[in-house]
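Asks: Quick one: sequence and predicted model below, then my questions.
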Protein chains: 2
Amino acid sequence: MSIHDEFEFIKQITPKHQLNSDVIVGIGDDAAIIRPYTGKDVIACTDTMVEEVHFSRITMSPFHIGYKALAANISDVAAMGGTPKFYLVSLVVPTSWSEEELVEIYKGMEELAQQYQMVLIGGDTVSTSGPLVVNVMVMGSILQDKSLKRSDALPGDLVFLTGTVGDSAAGLHILLNEKDSNEYLVKRHQLPTPQGQAGILLSNLGRVALNDISDGVASEAIEIAEASQVDIELDASLIPLSAEILTFGHEQAINWALYGGEDYELIGTISSEKWSELERVFAQDDIKITKIGKVIRGSGNVSLKSGDSVKQLKKQGYNHFKHGDHNEN
Amino acid sequence: MSIHDEFEFIKQITPKHQLNSDVIVGIGDDAAIIRPYTGKDVIACTDTMVEEVHFSRITMSPFHIGYKALAANISDVAAMGGTPKFYLVSLVVPTSWSEEELVEIYKGMEELAQQYQMVLIGGDTVSTSGPLVVNVMVMGSILQDKSLKRSDALPGDLVFLTGTVGDSAAGLHILLNEKDSNEYLVKRHQLPTPQGQAGILLSNLGRVALNDISDGVASEAIEIAEASQVDIELDASLIPLSAEILTFGHEQAINWALYGGEDYELIGTISSEKWSELERVFAQDDIKITKIGKVIRGSGNVSLKSGDSVKQLKKQGYNHFKHGDHNEN
């Protein structure tokens, strides 16, 4: 990387608008200081994206890379029922990258941050001989004792999903195969919309087990089943798919939905008695929500009914680029 | 990297001792949740270390790498007067690294974390074709309106330094030049001790401008001078040096002190009226503190008096390995 003037660089990425009143010390000292709300806990998560493992410069611009890195973290906060408020960014930058490209990464983040009134409060920028690494850390607030954990599913619950799934993997497929094109699907891959508001609505509904779709429906459903020690039965015909993805056929679309990931939708379970309330609340905010299966007694297995056949799902993700593992603690 | 069983790996790095009561949700869900203290703010910082930029496998074992990465963050929290409490870790790991080596990185962090009763609450592990990247994020608590900022120096203040400086750079020199040896200096490089308690003591003394020595005395003093819009006059004969570093001669030792960095001592300024109280408080806790200069009116310059000569110091750090920038926001 080539930063000519560190002071000017930091000025460029420092938020222009006034710090909100929760930020006591923002960018520019050894650490940031924020003021928590009475009666609320602090929520924190981090997510790392590596060039050629999670993205490629062929399919993602610097702006997209920044946007998506923040989206992944907002999605994690939403999956607990929290509100994202602050973010810290660590960039590990190849020597070939220009200062303008770095600024674009921050602009991509800022675009999404503004929608959530989030403030950049710190981070660092380091050069490397290797690939670009983007690490984002998000902090936020969450009402005490209202968090939505993976381990809270119970037999008898319904399983639901927000939005549509598989679109991000379909968009990547299009970007990697020039003969196809579809603006909607490409946008779903490059500029994914996390379900921040949906997470907050769900946190007001009592017991909900919740996870976000970063690794595909199969993997995320299995995480809920394992953490809750229940089994989950999904129905392929109920999984919400966009009109755009269905142009590739139902079988391919379901495959992307199950294993593609990066849709940043929410999958969860709720007692059947609460379903109509959930539908009503989501309709008010115009957020799509679909019932896709049910929870039964068991020990961590997820099955998919497809016509007359039933198969057990396995935790597996696409490795779009080079082989890469990603384990979230 | 080769992680055989993700579940087993996370079990290995998850803290064995009970979560403390501030941790509402620890490792294992989408995000961590912590409970802040009434009357205290939340402090947060992050620091990234890249192989061959900040360390080399020749001079640092995986255990040392983990220990130092956490030490750098504890040092940042100390430099604000806060108490570190939680940490998140993002590792970007070359394919050649074994699971045992990864676990060693976490063990190095845990060794230091236990001294501060800090808890690992989240993070992720990703593979890369490039060098190892270790990103640590620390959160903690700080009394409201007691933070120690770089910008609080005033003309008339005394400038002080904890411990001794230059030792880490001397230790690295020894590691890279086999003909020399000195266990103390090598340890100061591989297992640096952040000044956590000193930061807390200083936060009880009213107005103090404070910075930690990550980039060398010159750079850190200039940051205080620039942020406070004052000038600082340092006296080379007062800079605290260990007996071990002085075996290399005073001139070389001062050079390491000014530009070596990674000592994780604290440099600060306080009004001359408070000096005797500061000395007394530090003597009670047996922490070495030395007066090294004074603050005068000015606009961000730092000079060093050395015998009869006075020279203006510049912000410059060693680049021990390949050329690498590190900008902290």
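Replies: Good, I have the coordinates.

Asks: In space, what's closest to the residue in the stretch 51-200 of chain A positioned nearest to chain B - neighbours in sequence excluded?
Replies: For the stretch 51-200 of chain A, the residue closest to chain B is A:Gly130, as judged by Cβ to the nearest Cβ, at 1.8 Å. Quick note: C-beta positions are derived from backbone N, CA and C, even for glycine. Counting by Cβ to Cβ, 6 or more residues apart in numbering or on different chains, B:Gly130 is the residue found nearest to A:Gly130 once chain neighbours are left out, at 1.8 Å.

Asks: Neighbours of the one you found, how many?
Replies: A count of neighbours around B:Gly130, defined by other Cβ atoms under 10 Å in any protein chain shown, yields 23.

Asks: which SS state does it fall under?
Replies: coil (DSSP: H, G, I helix; E, B strand; the rest coil).

Asks: chain center to stretch A:148-155, what's the gap?
Replies: In terms of Cα atoms, centre = their mean, to the nearest Å, the centre of stretch A:148-155 is found 19 Å from the chain centre.

Asks: pLDDT of that stretch, averaged?
Replies: Here stretch A:148-155 scores 97 as its mean pLDDT.

Asks: Could you report the distance from the closest residue to A:Lys314 other than its chain neighbours to A:Ala236?
Replies: Leaving aside its chain neighbours, A:Lys314 sits nearest to A:Ala218 (6.8 Å; criterion: Cβ to Cβ, 6+ apart). Going from A:Ala218 to A:Ala236 by Cβ to Cβ, to the nearest Å gives 11 Å.

Asks: can you list residues touching both of these two?
Replies: Here A:Ala218 and A:Ala236 share the contacting residues A:Leu304, scored by Cβ atoms under 8 Å, 6 or more residues apart in numbering or on different chains.

Asks: How about the secondary structure of A:Leu258?
Replies: Strictly by three-state DSSP, A:Leu258 counts as helix.

Asks: The residue of the stretch 51-200 of chain A closest to chain B touches B:Leu132, doesn't it?
Replies: No - A:Gly130 is beyond contact range of B:Leu132, at 9.1 Å (criterion: Cβ atoms under 8 Å).

Asks: Give me the common contacts of these two.
Replies: B:Val50.

Asks: Is the residue nearest to A:Gln144 when sequence neighbours are not counted within a helix or a strand, and which one?
Replies: Of all residues not flanking A:Gln144 in the chain, A:Asp41 sits nearest, at 5.4 Å (Cβ to Cβ, 6+ apart). Taking DSSP states H and E as the criterion, A:Asp41 maps to strand A:40-50.

Asks: repeat for A:Ile142
Replies: strand A:133-143.

Asks: swap in A:Gly108?
Replies: helix A:99-115.

Asks: any idea of the mean pLDDT for that helix?
Replies: According to the model, helix A:99-115 has a mean pLDDT of 95.

Asks: what packs against it?
Replies: helix A:6-13, helix A:62-78, strand A:83-94, strand A:119-128 (3 or more Cβ pairs under 8 Å, 6 or more residues apart in numbering or on different chains; DSSP states H and E).
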